[in-house]
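J.: Quick one: sequence plus predicted model below, questions after.
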Amino acid sequence: MSAGRATWLMAVGIGLAAFAGTDVRLDRALAQNAEIQAAAEPPALITVGATSLRPTIAPECANRTDVLGVSRVVEIDTSRGPYFGEQYKGLEDDFLNFGEVVITFDDGPMRRHTIPVLDALDEQCTKATFFAVGRMAVSDPTTLQEVQDRGHTIATHTWSHKNLASLGADAMKREIELGFSAVAAAVDKPIAPFFRFPYLGHSKASRAYLESRGIGVFGIHVDSQDFRTRNAAVMQRTLLNRLERNGKGILLFHDIQVSTARGIRELLAELKTRGFRVVHIVPKQAATTLPEFDAVAAKSIKGRKKATTKAPLADRAVTWPVAGEEAAPPAERPAPPPPQAERRAPPAVKDWANPDNDPWQLRSMGQ
Ligand SMILES: [Zn+2]
């Protein structure tokens with residue numbers, strides 16, 4: 001990366017509201033004004049704290065101009081519960097400039113697809129954010145730790161991918177909190193207070209709850225629709241066409257989908273060719289978790305470890321039941337049936353860790 005290309009633009013503006021002692025939410029102009037050039041320096045962040053959440057750049061990536069890299073690291077202060085993505089028009093804190101993208105992956109980890117995704121990101125010396133599902137994290141902590149070790153941001157996507165728009169207060173809280181506790185327990189390190197609603201489905205109550213917990217909500221701008229095809233080329237075309245129309249945005253992929261596992265490598269190279277620039281989002285503070293949910297998550301992780309010690313060849317992609325799950329509160333209602341147009345999808349099966357049989361992906365978002 002040349003000195004110019006390697007210039008790390010560090011936007012600390014998202015934390016400026018707190019810095020200035022006001023209660024103003026992120027102000028885009030402030031954020032842009034606060035970009036600080038630190039030529040040829042690694043992406044250390046100005047804000048003190050959260051050392052373990054800082055991005056890491058492999059030495060072999062320094063001074064590379066032939067890869068996508070990371071053009072900017074944006075540190076996000078979630079203390080006021082900000083929103084990002086086109087689903088939150090009027091509320092959105094849009095920090096992206098034209099030509100900038102944030103790469104995100106939902107629903108994992110799933111080793112056989114997550115690892116090729118990580119290898120592709122490494123090849124381009126770039127960074128992404130992974131919105132992991134709690135149950136998936138508990139079933140495969142090793143893979144999620146690898147995601148973290150390779151310098152990506154770890155965020156959450158509920159405990160079991162339920163549509164929070166349709167849950168009562170207790171079940172909604174449990175999905176959110178156990179998601180955070182399980183994902184943090186799986187990586188055994190602080191994670192980001194970043195959250196994405198399954199199906200992007202939310203209620204006033206769930207949004208208020210996340211705001212009260214100082215969690216940042218991430219929607220999307222550009223959907224790869226990777227769950228609708230196994231064909232890498234179709235996924236790539238969908239993503240690139242939509243991105244060209246939008247000009248920038250938060251990109252959505254799923255690291256449990258075969259079209260993404262197969263196609264992400266070529267897609268990232270194409271983003272580089274077309275001149276898009278990657279913004280890596282990192283949190284100002286780590287997510288806080290609640291002790292009662294940490295206890296459930298710890299028990300679940302422990303049980304999983306015991307089982308894998310006994311049967312080391314067990315399929316790590318099989319989801320793992322949480323302690324006490326069967327005793328879910330009565331307020332927890334089943335998810336609503338999928339819309340009419342999507343009922344042609346194969347029936348839901350218990351092995352939903354298998355992307356071929358994944359009920360949530362088959363009715364996901366419905367765009
Ligand atoms: Zn999802």
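T.: Here it is on my side, so go on. Not measured: the values here are computed from a predicted model.
J.: Next up, the contacts around residue 218.
T.: 84-85, 104, 129, 131, 155, 194-196, 250 (C-beta atoms under 8 Å, 6 or more residues apart in numbering). No exception for glycine: its C-beta is placed from N, CA and C like everyone else's.
J.: Please list the residues of the stretch 151-300 of the chain that sit near the ion.
T.: Counting by C-beta under 5 Å from the ion, the stretch 151-300 of the chain comes close to the ion at residue 198.
J.: run the last query once more with 6 Å
T.: 157, 161, 198 (C-beta under 6 Å from the ion).
J.: From the ion, how far off is residue 257?
T.: Distance, residue 257 to the ion, by C-beta to the ion, to the nearest Å: 10 Å.
J.: So for that residue, what's the nearest residue that isn't a sequence neighbour?
T.: What sits nearest to residue 257 in space, not counting adjacent residues and going by C-beta to C-beta, 6 or more residues apart in numbering, is residue 226, at 4.2 Å.
J.: Quick check: the one you found vs the ion, distance?
T.: Counting by C-beta to the ion - residue 226 and the ion are separated by 11 Å.
J.: neighbours around that residue, how many?
T.: Neighbours of residue 226 under the rule other C-beta atoms under 10 Å: 32.
J.: repeat for residue 284
T.: Residue 284: 21 surrounding residues under other C-beta under 10 Å.
J.: Return the residues of the stretch 1-150 of the chain in contact with the ion.
T.: Contact residues (C-beta under 6 Å from the ion) of the stretch 1-150 of the chain with the ion: 106-107.
J.: All the strands of the stretch 1-150 of the chain, residue numbers only.
T.: Using DSSP state E, counting those that start in this stretch, the strands of the stretch 1-150 of the chain run over residues 8-11, 36-38, 72-76, 83-84, 100-106, 129-132.
J.: mean pLDDT lowest for which of those strands?
T.: Set side by side, those differ in mean pLDDT, and strand 36-38 is lowest with a mean of 27.
J.: What about the residues of the stretch 151-300 of the chain next to the ion, which one has the most neighbours?
T.: The residue in these with the most neighbours, by other C-beta under 10 Å, is residue 157 (28 neighbours).
J.: Chain neighbours aside, what residue packs nearest to that residue?
T.: residue 131 (4.0 Å).
J.: ok, now residue 267?
T.: In space, and not counting its chain neighbours, residue 267 is closest to residue 236: 4.9 Å by C-beta to C-beta, 6+ apart.
J.: Doesn't that neighbour lie inside a helix?
T.: Yes. Assessed by DSSP: H, G, I helix; E, B strand; the rest coil, residue 236 belongs to a helix.
J.: Kindly state the pLDDT recorded for it?
T.: pLDDT, read off for residue 236, is 98.
J.: Tell me the bridge partners for the closest residue to the ion within the stretch 201-350 of the chain.
T.: Proximity of the stretch 201-350 of the chain to the ion (C-beta to the ion) peaks at residue 254, 6.7 Å away. With DSSP bridges as the criterion, residue 254 is bridged to residue 106.
J.: check contacts around it.
T.: Residue 254 neighbours (C-beta under 8 Å, 6+ apart): 105-108, 224, 226-227, 260, 355, 361.
J.: Would you mind giving the residues you listed as CSV with distance to residue 170 added?
T.: Formatted as CSV, those follow (distance: C-beta to C-beta, whole Å):
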residue, distance to residue 170
105, 29
106, 24
107, 24
108, 27
224, 34
226, 33
227, 29
260, 34
355, 30
361, 27
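J.: would you list every one of the strands in the stretch 251-367 of the chain?
T.: All strands of the stretch 251-367 of the chain, identified by DSSP E, counting those that start in this stretch, fall at 277-283.
J.: would you list every one of the helices in it?
T.: In the stretch 251-367 of the chain, the helices defined using DSSP state H, counting those that start in this stretch lie at 258-273, 291-310, 359-362.
J.: who wins for proximity to residue 120 among those helices?
T.: helix 258-273 (3.9 Å; C-beta to C-beta).
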